[in-house]
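Engineer: Okay, here's the prediction I keep looking at, along with the sequence it came from:
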Amino acid sequence: MNKKFLVILLCFISSHIFSQDIIGTWYRTELYSKAELTISSEMDFSIDATNNANFGNIEGNLIKIKDGYYYTHIADFDQGCVILFIEHKDNIEVIVYGDQIGAGSSVYYDGKYEEQPLTKEEEMNRRLDYIVESKYDKNKLKELLGSDLEYFIECFGTRFIEKNGNTIIIDGWMRGVAPWQNGIIKIQNDNIYILITDCRDSVLKYYTNDIFNKTIPDEFKRWEYYQENIVVIDK
């Protein structure tokens, strides 16, 4: 942590009353890195953050620097941080200087927090946009996956895309729970092939719209998480 930054902050602490506008719950709506910030009337705060399946939590009390600017200093054994809270018209911006205390792998608290969370439909559409981009029709994908859509989305918190001619391979996994929750997609012309590891039933689930070829693609059999001794359920 930058000690000089902390000293500068202490020099500008204001005794003015806190803004009532920051009290309440605020939401960071980043795809697979959501977070929730709660600020009480006593200026106590807590942040619960996630990244894929990993999570983190930090709590403290805000000190006012000047109008619209607050900070907290937190020390935990050999870690420490200063967190700056900036009040904007439509959001609260959080900036962490130092360690992300209490955070799991790749979890962070920084970002802009808004008053309203995404609706479930908005969140699912944004995640589908991230997974397949414009490479396949989202509505057709929803129809193909049916009741497994929500689980499918959670298999691609991290994904890599490889293109070879007219074939696209999307390899994904959920950080923190792979290899038990991940998937692979093949898109070729107007056809799509999907294989996901379903930890709920310890099986692989296979989906395709290709009515002429139901065979699992060779690319899937070379996938590092494919195992011939695991039951494959054709959906």
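Structural biologist: The structure has been received and is ready for your questions.

Engineer: for the longest helix out of those in the chain, packing partners?
Structural biologist: Scanning the chain for the longest helix, with DSSP state H as the assignment, gives helix 120-132. Here helix 120-132 touches helix 138-145, helix 149-153, strand 167-173, strand 182-188, going by 3 or more Cβ pairs under 8 Å, 6 or more residues apart in numbering; DSSP states H and E. Quick note: C-beta positions are derived from backbone N, CA and C, even for glycine.

Engineer: Could you rerun that using 10 Å?
Structural biologist: Contacts defined by 3 or more Cβ pairs under 10 Å, 6 or more residues apart in numbering; DSSP states H and E place helix 120-132 against strand 24-30, helix 138-145, helix 149-153, strand 158-164, strand 167-173, strand 182-188.

Engineer: With mean pLDDT as extra columns, can I get the ones you listed in TSV?
Structural biologist: Listed next are the helices and strands packed on helix 120-132 as TSV, based on pLDDT from 0 to 100:
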stretch	mean pLDDT
strand 24-30	95
helix 138-145	95
helix 149-153	93
strand 158-164	93
strand 167-173	95
strand 182-188	96
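
Engineer: Mind putting those into a markdown table with mean neighbour count and distance to residue 197?
Structural biologist: As requested, the helices and strands packed on helix 120-132 are arranged in a markdown table below (neighbours: other Cβ atoms under 10 Å; distance: least, Cβ to Cβ, whole Å):
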| stretch | mean neighbour count | distance to residue 197 |
| --- | --- | --- |
| strand 24-30 | 17 | 25 |
| helix 138-145 | 14 | 15 |
| helix 149-153 | 18 | 10 |
| strand 158-164 | 12 | 14 |
| strand 167-173 | 20 | 9 |
| strand 182-188 | 23 | 6 |
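
Engineer: so which of the ones you listed gets nearest residue 115?
Structural biologist: strand 24-30 (6.3 Å; Cβ to Cβ).

Engineer: The closest one versus helix 120-132: what angle between them?
Structural biologist: Angle, strand 24-30 to helix 120-132, by axes from the mean of the first three to the mean of the last three Cα atoms, to 10 degrees: 30 degrees.
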